[in-house]
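> Compute the structure for the input listed below.
(one chain, ligands or ions: 1)
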Amino acid sequence: MNGNEKSKMYHCWLDYQLHKKQSKEWIYGNQIYCAEDLLKEGVIQSAIDELKLFFLQHFDLSMDVVTKRPVQAHIALDVAETYGLKEGAYEMVAEDNQLLIHADSCNGILYGAFGLIQVIKRQIPVQGLKIKEEPINKIRMINHWDNSDGSIERGYAGKSIFYHNNEIIQDMGRIKDYARLLASVGINSICINNVNVHHYETQFITDIYLKDIARIAKVFETYGIRLFLSVNFAAPISLDHLENADPLNTEVREWWRKTAEHIYKVIPNLGGFLVKADSENRPGPFTYGRTHAEGANMLADAVRAYGGLVIWRCFVYNCHVDWRDRTTDRARAAYDHFIDLDGQFNDNVILQIKNGPMDFQIREPLSPLFGGLKNTNQILEFQITQEYTGQQKHICFLVPMWKECLDFDTYAKGENSRIKDIVSGNLFGNKETGIAGVVNIGDSECWSGNPMAAANLYGFGRLCWNPHLSSKEIADEWISLTLGSDKKVREVVSKILLTSRKTYEDYTVPLGIGWMVNVGHHYGPNIEGYEYSPWGTYHYADYKGIGVDRTMETGTGYVRQYLEPNRSLYENIKTCPEELLLFFHHVAYDYELKDGRTLLQYIYDVHFEGVEQVSSYQKAWKSLNGSIDQDFYNAVNEGLEIQLKDAKEWRDVVNTYFYRKTGIRDSKNRKIYE
Ligand code: GCU
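Numbers count the residues shown, from 1 in each chain. Model prediction:
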C-alpha cells in the first residue's frame with residue numbers, strides 16, 4: 001500500500017489521516033464480511049484493501065475479513081445479479097448492526113467502498129444511511145498524452161508515471177496509487193499513451209512492449225479500469241513495411257486482424273484503440289481517398305471478436321491554411337468532415353469529440369457535432385490538463401465550464417436535448433457513450449503540479465459519474481476530502497475555485513475570441529501569435545473592430561451547423577450570448593454591449609478586474625496560513641504569485657494592444673501603457 005512517508009499532498013483526496021478519529025466513534029465493528037468466492041476477484045480485493053487501509057489510518061482500527069456472516073456489528077459486501085443495479089452502481093444501507101454495500105458487479109462494490117470512505121471523511125452520519133449511487137455515463141475515461149521518453153505533451157506536472165527513457169517503468173507502486181485515485185471517482189477506462197503516436201509508441205502493440213503494458217493493464221484491471229492504447233494508423237507500414245495502410249487493402253486488414261489477435265492474447269481485457277488520424281500531420285485514411293468511417297471500421301473489425309472498441313477522434317482539420325484565404329474556417333472542420341458519416345460507423349466505433357470546435361480555449365461554443373450526429377456512438381472530450389488555461393500555474397477550476405457544456409441544449413429532439421443526455425446514451429440510445437478527459441497528472445509530488453489542479457481531476461471524475469452535480473457541490477466535496485471541514489477553509493477555497501474560470505477569462509482573452517497566446521507552448525500573451533499562422537486561429541483585429549464573422553449571411557457560415565433555435569440565436573448579433581460575441585461576430589470597438597459599455601471599454605475593464613481578483617485570491621489564501629497543510633499552503637501561495645505576475649502581463653499586453661489599435665483611452669483613466 002501507499003507508504004505513510006509520502007507527503008499529505010501525494011494522497012490527494014484519499015488522505016485517510018486527515019482529521020483522524022477514535023475507533024470508538026465507529027459503530028460497525030472491525031469485521032468485513034464477504035463471501036469466499038468473491039474474495040478471488042481482484043476488484044473485490046481492492047475494495048477490501050482500501051477499506052482496511054482507511055480504517056487503519058483513520059480510526060487506528062485493524063479490520064478482519066470474515067467469510068461467515070457475523071452476528072456482531074460489521075460491514076457486509078455482497079454482489080448478486082438480483083439487485084437489479086446497473087454496471088458500477090451500488091447501494092449502501094446502514095441497519096442496526098450491519099452496514100451493507102451491495103451491487104450487481106464487483107466494480108459496484110469497489111465504488112461503494114470508496115463511497116463509504118467519502119461519507120465518513122465528510123462527516124456525514126452513517127447510522128440510518130441509505131444511498132443508491134449509479135454512474136450516469138457508461139464510459140468514464142482518462143486520456144494520457146504521455147510519450148515513451150517520459151515527456152508529456154501538454155503536461156505541467158512533471159514526467160510520465162508510466163515511461164522513462166523509452167521503457168516502461170517497472171515499479172508499479174505509483175501506478176497502483178494512481179489507479180486508486182481514479183477508481184475512487186469512478187473512472188473505468190484509461191488510454192496510457194499520447195494520441196500522437198511516435199516511433200517507439202508505434203511499437204507498443206508489438207512484443208517489445210506488450211508484456212510490460214500487460215502489467216500496467218493488470219494493475220488498472222484490479223481497480224475496474226480498462227486499458228486502451230493509442231495506435232498509429234500507419235503501423236502496418238512502420239512495423240512491417242507493408243506498402244500502404246489503406247483500410248480497404250485486404251493485406252492491411254489482415255495485418256490488423258492478426259495484430260489484434262496477438263495483442264488480445266497478451267492483454268485479454270484490453271479496451272481497444274484510440275486513434276488520431278488525418279490530424280496535425282498524423283497519417284490516416286485520407287491518404288488513400290478513404291473516409292474516416294472506412295478507416296475506423298477496419299480497426300473495429302479487427303478488435304470486434306474480443307469485445308474491443310475503437311475510439312476515433314474528430315479533431316480533424318487542415319493545419320496548413322493560408323491566413324489570406326478567408327473562406328476556410330477551422331471551427332467548421334470537425335462537423336464538415338464527420339456529419340455525412342453519421343450512421344456509417346460499426347457499433348464498436350465511438351467518435352470522440354472535443355467540447356468546442358476549436359481547441360480547448362477558455363471559452364468556446366459547443367461542437368455542433370453534438371446534436372448533429374444521431375446514429376453514432378459518441379464520447380465528449382474535455383481537457384483537464386490546463387494547456388490554454390494557465391498550465392497549472394494559474395488556478396482555473398474547469399468544472400463550471402464543463403457543466404456549461406454538459407447542460408448545453410442542442411435541440412436535436414426538441415427542447416431539453418442536452419449534451420449530457422447525448423453522451424449518457426439516453427437521448428439517441430447509442431450503446432457506447434461517455435466522457436473522456438486529457439489528464440493533468442505527472443510524477444510531481446502532488447500529481448498535478450499545483451495541488452489545486454487536483455480539483456479538476458476530481459471534478460472530472462465526479463461529472464462523468466453524475467453530470468447533474470453542481471460545481472459548488474463538487475468543489476465542496478473536493479475541499480472537505482482534501483483539506484478538511486474547517487468552515488473558513490471551505491469558504492475561502494470554494495470561492496476561489498468557483499470564480500477562477502471567469503477570472504482567468506477576464507485577464508486573458510475576451511468574449512470567446514481565444515488564442516492570443518505564445519506560439520507552440522501556449523503560455524502567456526501574444527496577441528498576434530497565431531494571427532498569420534497556418535493553424536487557422538484568427539481574431540482579425542484592426543483599427544475598427546475585432547472578431548470572426550461566422551454568420552451565414554456575411555461570414556464563414558459556421559453558424560449553419562447548429563440546429564434551430566441556436567442557429568438564429570448565434571446568427572444575430574443582438575441575441576448572440578455576449579460571452580461568445582467575438583467568436584461569432586466581427587464587432588466594432590464602439591459597439592454597445594447590453595450594459596451600455598462599449599466593447600473596448602469592456603475589454604479594458606475586465607482586464608483590470610481580473611488582476612484585482614487574483615490579488616484578492618492571494619490575500620484570501622494568506623488568511624489560511626496555519627489552517628491547512630503547510631506544503632499545500634506554500635505550493636498554492638507560490639502559484640498565486642506567478643498567477644498575479646502573469647495576470648498583470650496579460651492585462652497590460654492586451655490593453656496596450658487595443659489602445660494602440662484604437663487610440664481610445666480608458667474611460668476610468670487607469671494606467672494603460674502606450
Ligand atoms: C492541441 C494540442 C496538441 C494535441 C492536439 C490534439 O492541438 O496543442 O498538443 O496533440 O490538441 O488534441 O490532438
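> Assess the claim that E91 and I131 are in contact.
Yes. If you go by Cβ atoms under 8 Å, E91 and I131 touch, sitting 6.7 Å apart. Glycine gets a C-beta too; all of them are placed from N, C-alpha and C.
> higher neighbour count, the two?
Legend: neighbour count by other Cβ atoms under 10 Å for E91 and I131, higher for E91 (20 against 15).
> Next up, the contacts around the nearest residue to the more buried one once chain neighbours are set aside.
Leaving out its chain neighbours, the residue that sits closest to E91 by Cβ to Cβ, 6 or more residues apart in numbering is K132, at 4.9 Å. By Cβ atoms under 8 Å, 6 or more residues apart in numbering, the contact set of K132 is 85, 89-91.
> Tell me the secondary structure at the residue of the stretch 501-650 of the chain found nearest the ligand.
Nearest residue of the stretch 501-650 of the chain to the ligand, counting by Cβ to the nearest ligand atom: H522, 6.6 Å away. Secondary structure, DSSP: H, G, I helix; E, B strand; the rest coil: H522 is coil.
> How is this protein partitioned into domains?
The record's domain parsing of the chain by the TED database lists 8-133, 139-469, 507-548+586-662.
> From start to finish, how long is the last one in a straight line?
Chord length of domain 507-548+586-662, first to last residue, is 19 Å (Cα to Cα, to the nearest Å).
> Please apply the same query to stretch 268-276.
Stretch 268-276: ends 23 Å apart by Cα to Cα.
> what does stretch 134-151 give?
36 Å.
> Check stretch 342-354 too.
17 Å.
> And for it, what's in contact with it?
Stretch 342-354 is contacted from outside by 139, 272, 274, 291, 293, 296-297, 300-301, 303-304, 308-315, 334, 338, 360, 367, 369-370, 372-381, 383, 431-433, 436, using Cβ under 8 Å, 6+ apart.
> Where helices are concerned, which of those count?
293, 296-297, 300-301, 303-304, 334, 338, 369-370, 372 (DSSP state H).
> need the contact list for the residue nearest to L85 when sequence neighbours are not counted.
Counting by Cβ to Cβ, 6+ apart, D104 is the residue found nearest to L85 once chain neighbours are left out, at 4.6 Å. Taking Cβ under 8 Å, 6+ apart, we find D104 in contact with 79-87, 89.
> hmm, try it at 7 Å
Contacts for D104 were tallied using Cβ atoms under 7 Å, 6 or more residues apart in numbering; they are 79-81, 83, 85.
> Flag every residue of the protein that's near the ligand.
Taking Cβ under 6 Å from any ligand atom, the part of the chain that reaches the ligand is made up of 153-154, 195-196, 276, 280, 315, 359, 387.
> Can you pick out the most distant pair from those?
Taking Cβ to Cβ, the two most distant members of these are K276 and E387; they sit 15.6 Å apart.
> Where does pLDDT dip in this protein?
When residues are selected by pLDDT under 70, those of the chain lie in 1-4.
> Could you measure from the most centrally placed residue in it over to F59?
The centroid of the chain falls nearest to G437 when counting by Cα atoms, centre = their mean (2.5 Å). Noted for G437: a distance of 33 Å to F59, by Cβ to Cβ, to the nearest Å.
> likewise D278?
For D278 relative to F59 (Cβ to Cβ), the value is 55 Å.
> out of the two, which sits in the busier spot?
D278 (22 against 19).
> Which strand or helix spans the more buried one?
Using DSSP states H and E, no element contains D278; it sits outside every helix and strand.
> Over to P236?
Going by DSSP H and E, P236 is in helix 235-240.
> again, but for W256
Using DSSP H and E, W256 falls in helix 250-266.
> Then E609?
helix 599-622.
> Output the contacting helices and strands for that helix.
helix 487-507, helix 630-662 (3 or more Cβ pairs under 7 Å, 6 or more residues apart in numbering; DSSP states H and E).
> Next, the residues that contact the shortest one from outside, please.
The set of residues external to helix 487-507 that reach it, using Cβ under 7 Å, 6+ apart, is 362-363, 389-390, 394-398, 400-401, 455, 471-472, 475-476, 479-480, 483, 606-607, 609-611, 613-614, 617, 620, 623-624, 627-628, 647, 650-651.
> List the buried residues in it.
489-490, 492-494, 496-507 (16 or more other Cβ atoms under 10 Å).
> Correct me if wrong: K138 contacts G425.
Yes. Checked against Cβ atoms under 7 Å, the pair K138 and G425 is within contact range at 6.4 Å.
> residues shared between the contacts of the two?
T433.
> Which residue of those two possesses the greater neighbour count?
Under the neighbour definition other Cβ under 10 Å, K138 and G425 were set side by side, and K138 has more, 22 against 19.
> Just want to check the distance between the more buried one and L463.
14 Å.
> how many neighbours does the residue of the stretch 501-650 of the chain closest to the ligand have?
For H522, using other Cβ under 10 Å, the count is 19.
> got it, and G372?
G372: 19 neighbours (other Cβ under 10 Å).
> Please report phi then psi for Y90.
phi -150, psi 160 (degrees, to the nearest 10).
> Just the element for the residue nearest to it when sequence neighbours are not counted, please.
Leaving aside its sequence neighbours, Y90 sits nearest to G112 (Cβ to Cβ, 6+ apart; 3.6 Å). Element membership for G112 (DSSP H and E) is helix 106-121.
> Dump that helix to CSV, restricted to CA.
Written as CSV, here are the backbone C-alpha positions of helix 106-121 (Å, rounded to 0.1, in the frame of the first residue of the first chain):
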residue,chain,number,x,y,z
CYS,A,106,-17.6,-6.2,-8.4
ASN,A,107,-17.0,-2.7,-9.7
GLY,A,108,-20.1,-1.6,-7.8
ILE,A,109,-18.6,-2.9,-4.6
LEU,A,110,-15.3,-1.0,-5.2
TYR,A,111,-17.2,2.2,-5.8
GLY,A,112,-19.3,1.5,-2.7
ALA,A,113,-16.2,1.1,-0.6
PHE,A,114,-14.9,4.4,-1.8
GLY,A,115,-18.4,5.8,-1.3
LEU,A,116,-18.4,4.8,2.4
ILE,A,117,-14.9,6.3,2.9
GLN,A,118,-16.2,9.6,1.5
VAL,A,119,-19.2,9.6,3.7
ILE,A,120,-17.1,9.1,6.8
LYS,A,121,-14.4,11.5,5.8
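> The helix or strand following that helix pairs with which strands?
Under the assignment DSSP H and E, the closest C-terminal helix or strand after helix 106-121 is strand 130-133. If you go by DSSP bridges, strand 130-133 pairs up with strand 90-94 (antiparallel).
> Run through the strands of the stretch 151-300 of the chain in chain order.
Along the stretch 151-300 of the chain, counting by DSSP state E, counting those that start in this stretch, strands occupy 163-164, 167-168, 189-191, 226-230, 272-275.
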